[in-house]
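>>> when you get a sec, could you give me coordinates for this:
(chains A and B)
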Amino acid sequence: MRTLHSICLAALFAAAISGRLSAQGAELDTYVQSLRRVQPEGVGHREASYAWGQLVEQADAESLPTILAGMDGAGPLAENWLRAAVDAVAEKQVQQTGKLPVDRLEKFLAHRNHNPKARRLAYEWIARVDKGAPERLIPGMLNDPSLELRREAVTRLVTAAESSAKANEKEQAKATYREALVAARDLDQVKAITEALAALDAPVDLQHHYGFVVDWQLIGPFDNRAGKGFHAIYPPEEQIDLAASYEGSAGTVSWKQHHTDHEYGEVDLNKALGKHMGVAGYALAVFESDHERPVELRIGSENANKVWLNGAKLSEAEAYHANSAIDQYVGRGTLKKGKNVILVKICQDEQTVDWAQNWVFQLRVCDSSGKAILAKDREPANPRPKKVEATAAADAS
Amino acid sequence: MIHRMMAFATLLIVCGVAVSSLQAEDWPQFRGAQSNSVARGKQPPSEWSDADGKNIAWKVKLPGKGPSSPIVVGGKVIVTASSGVNQDRLHVLCFDVADGRQLWERQFWATGRTLSHPSSANAAPTPASDGQLIFAFYSSNDLACLDLNGNLKWFRGLAHDYPAAGNDVGMSSSPVVVGDVLVAQVECQGDSFGTGIDKITGEPRWKVARPREASWASPVEMSGNAEIVLLQSPKRLSAHRTSDGQQVWDYEVACDAISSPTSVGNTVYVASKGLTALKPGDKPEPETLWNAQNLQPGAASTIVDGERLYIVNRAGVLNCATTADGKPIWRVRLEGEFWGTPIIVGDKMYAFNKAGKGLVVAIATDGSKGELAGGGQLDGEIQSSPAVADGAIYIRSDAHLWKIAAE
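Below is the predicted model of the structure:
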């Protein structure tokens, strides 16, 4: 054991000398680049682990923008290595002096082309040492690429709208809520704002706001006993022919039109195609775009599902009845100019328990921030959505 | 140059780890050092009160949720939390055991799926430590390795590596350090696997396929044998070599998906057909020593202390039985719903129900009976298991971390 200690001490001494010598010429950027090179399965860890230690030891607070900028274009793994370095350097500085170079960090924050996560991190450290920062910075972030910064700006508007509503300034309250709604991306904020607007007799068409697809062609059921249908390729995956009929698991099936009035665009296949277990169904929508653009197709379903855009598979999830949420699975693709075909496969398993009976999905079309992309031929927003109308009628009676 | 310096650094880390070990008072992982929820040493108090501060040494606010349990290593309490509207902000926090002062915090962004049941959170798995390194794991299958001063050693996104790994109900399997390998268990309807990860570098040593079915059980080191780790799934319990993941035996019978196995001596206690005691040997299947269908563990795992074992069933009834044959000795009705696993220190058991009420059960020296003998109310829902070190209990809710110790 004494020998082992001696080896360790020798290694410590050698590393200290070596580190001091190398520090004179080492560029922080070299270490940042090492962190950016980390890959899945631990590839690049040995270099990155060493670089992280050197970076944190050598960097001072003035170096924070350099490390933050290292996140531009970095992958999710590298972002985390770099984030930990920013936090360690900033934490040490704040513990020792209570200060950070706020001006430099604000300059970094002001450049919206930087990584949104890095900008949010810069903001959090600014706010940690400068209590006036939220009041100064957040109001200008209503449409910020960082959804976390945007969220705080929306919160401020909601607070202002609430004050207007309490003061009985209804029109001002409505205008402020609407401004907040346009910027809001988080479901909880959208829900709170739309409820407030409904209370001010200004209901919101949530289908329209989110960009839920509400008009579908449906076909099914096909066999999914023992889960085999998820992997099986049924005719709708091979060729789209809305006039065709096929042999399904419960007889001949053909496409049928379906419109959903659900405010969050849910399509209940148990109602539309009949109650079945161990089956697969397809939903198809034609989406007309006025130009080519990147797009996200976001699906929520507690059933196993696959989503294609113009024949290219964007997402798949083979999980049954393990929770569901709006935007649960995100597929990224490109809308072409003109007509685009969205195809969805929804599989139901054979569980008999009560909580495993739903066969349902909801899908919306949006940009990377979550803002709805509406089809060129989409009807305008309904100023009085059905559910709100029903609620209002009930209230009136 | 950077590679030569890196080699020195690696040597340093290896030497450092080789000459260090956990302290006797540490509580370094889910259910303690032996994964049996039993501690020796100083007795924590039998009564406490959050309202008037009685025997509350300190209480600190946490920045996020988490059913994960605190761990105690080298005079520091480590706890994980997750925050954000999408639960995608991951926190690792370190507090001084003496006064609850926050020593450091590191945050990460989730790279895997973050959706979970509203009652759970991304920070569900309990971190693990070997005495020098901390391994913080999350439901999103993100895994960070830090030293006790918050220095990052490596970061992995297991769901980033294997994108179909994830469970939108939430995952909670806690990793375990076995020798020089960190073992993590990822079992869901998508990519399911057990993996052995080099604790120093974060590089994978091995990966074995597991059933594609949700499991929340945690891997456990085979008692006294750092060469074997146990992996429990809904349809089997298997033992694997920690060096290469090779399966050494398999018990192919329905097992519980939530509670974890307990290994003491050369016996494994698993929630299967009630509770079953297994004795592994040289054969591909372990010998079944006994089976007790009347012992039905709920979410809490089996506690084994000497010649007695304890389970809390779904009705909140604490059952004491013999380890020799599973014969019941006594029962005590606790109060409420239990997600965390109670702990035993000396002749007392400490259990916390979901409503934040702590219950102390005094166990007769001869083991013949147990009776409620104190406890106290904490303000908040508690799904975590308590940690204990040096006569103090550490427990967390979604909002706070407490140290309960005699004044």
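
>>> strands of the stretch 151-300 of chain A, start to end?
A:215-223, A:245-248, A:251-254, A:256-259, A:267-268, A:279-289, A:293-300 (DSSP state E, counting those that start in this stretch).

>>> save the ones you listed as JSON lines, and put in distance to residue B:262 too.
To be clear about C-beta, it is placed using only N, CA and C from the backbone, and glycine gets the same treatment. Shown next, in JSON lines, are these (distance: least, Cβ to Cβ, whole Å):
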{"stretch": "strand A:215-223", "distance to residue B:262": "43"}
{"stretch": "strand A:245-248", "distance to residue B:262": "50"}
{"stretch": "strand A:251-254", "distance to residue B:262": "52"}
{"stretch": "strand A:256-259", "distance to residue B:262": "53"}
{"stretch": "strand A:267-268", "distance to residue B:262": "45"}
{"stretch": "strand A:279-289", "distance to residue B:262": "42"}
{"stretch": "strand A:293-300", "distance to residue B:262": "39"}
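
>>> tell me which of those lies nearest to residue A:193.
Of all these, it is strand A:293-300 that lies closest to residue A:193, at 19.7 Å by Cβ to Cβ.

>>> got the contact list for the closest one?
A:289, A:305, A:307, A:309, A:314-315, A:324-335, A:342, A:344, A:361-368, A:370, A:373 (Cβ atoms under 8 Å, 6 or more residues apart in numbering or on different chains).

>>> so what's the residue count around residue A:309?
Residues near residue A:309, counting by other Cβ atoms under 10 Å in any protein chain shown, number 22.

>>> so who does the closest residue to it other than its chain neighbours touch?
Excluding its sequence neighbours, the residue lying closest to residue A:309 (Cβ to Cβ, 6 or more residues apart in numbering or on different chains) is residue A:333, at 4.4 Å. Residues in contact with residue A:333 (Cβ under 8 Å, 6+ apart) are A:294, A:295, A:296, A:297, A:309, A:310, A:312, A:314.

>>> where along chain B do the helices fall?
Ranges of helices in chain B, per DSSP state H, are B:2-18, B:158-161.

>>> can you tell me the closest non-neighbouring residue to the closest residue to chain B within the stretch 151-300 of chain A?
Per Cβ to the nearest Cβ, residue A:186 is where the stretch 151-300 of chain A lies closest to chain B, at 4.9 Å. Spatial nearest neighbour of residue A:186, chain neighbours left out: residue B:85 (4.9 Å); criterion: Cβ to Cβ, 6+ apart.

>>> what does whichever helix or strand residue A:30 is part of contact?
Element membership for residue A:30 (DSSP states H and E) is helix A:28-36. By Cβ under 8 Å, 6+ apart, the surrounding residues in contact with helix A:28-36 are A:44, A:47-48, A:50-52, A:54-55, A:58-59, A:63, A:66-67, A:70, A:74-75, A:78, A:81-82, A:85, B:2.

>>> that older thread, how about the strands of the stretch 151-300 of chain A in CSV, adding distance to residue B:209 and mean neighbour count?
As requested, those are exported to CSV (distance: least, Cβ to Cβ, whole Å; neighbours: other Cβ atoms under 10 Å in any protein chain shown):
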stretch, distance to residue B:209, mean neighbour count
strand A:215-223, 27, 22
strand A:245-248, 33, 15
strand A:251-254, 36, 13
strand A:256-259, 40, 12
strand A:267-268, 35, 20
strand A:279-289, 26, 22
strand A:293-300, 27, 21
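
>>> mean pLDDT added to those strands, as CSV?
Formatted as CSV, those follow (pLDDT from 0 to 100):
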stretch, mean pLDDT
strand A:215-223, 98
strand A:245-248, 97
strand A:251-254, 97
strand A:256-259, 97
strand A:267-268, 98
strand A:279-289, 98
strand A:293-300, 98
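
>>> and stretch B:191-199, C-alpha only, in PDB?
Provided in PDB are the C-alpha atoms of stretch B:191-199 (Å, rounded to 0.1, in the frame of the first residue of the first chain):
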ATOM      1  CA  ASP B 191     -34.800  -0.600 -25.900                       C
ATOM      2  CA  SER B 192     -34.200  -2.600 -22.700                       C
ATOM      3  CA  PHE B 193     -30.800  -3.400 -21.300                       C
ATOM      4  CA  GLY B 194     -28.500  -3.800 -18.400                       C
ATOM      5  CA  THR B 195     -25.200  -2.200 -18.800                       C
ATOM      6  CA  GLY B 196     -21.800  -2.200 -17.000                       C
ATOM      7  CA  ILE B 197     -20.000   1.100 -17.300                       C
ATOM      8  CA  ASP B 198     -16.400   1.800 -16.400                       C
ATOM      9  CA  LYS B 199     -16.800   4.000 -13.400                       C
END
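
>>> got the buried residues for it?
B:191, B:192, B:193, B:194, B:195, B:196, B:197, B:199 (16 or more other Cβ atoms under 10 Å in any protein chain shown).

>>> neighbours of residue A:179, just the number please.
16.

>>> identify the residues contacting it.
So residue A:179 contacts A:142, A:157 (Cβ under 8 Å, 6+ apart).

>>> I figured residue B:295 hits residue B:275, correct?
Yes: assessed by Cβ atoms under 8 Å, residue B:295 is found in contact with residue B:275 at 3.9 Å.

>>> now list whatever residues contact both of these two.
B:311, B:321, B:326.

>>> is it true that the last one touches residue B:277?
When you say that, I think you mean residue B:326. Yes: counting by Cβ under 8 Å, residue B:326 does reach residue B:277; the two are 6.5 Å apart.
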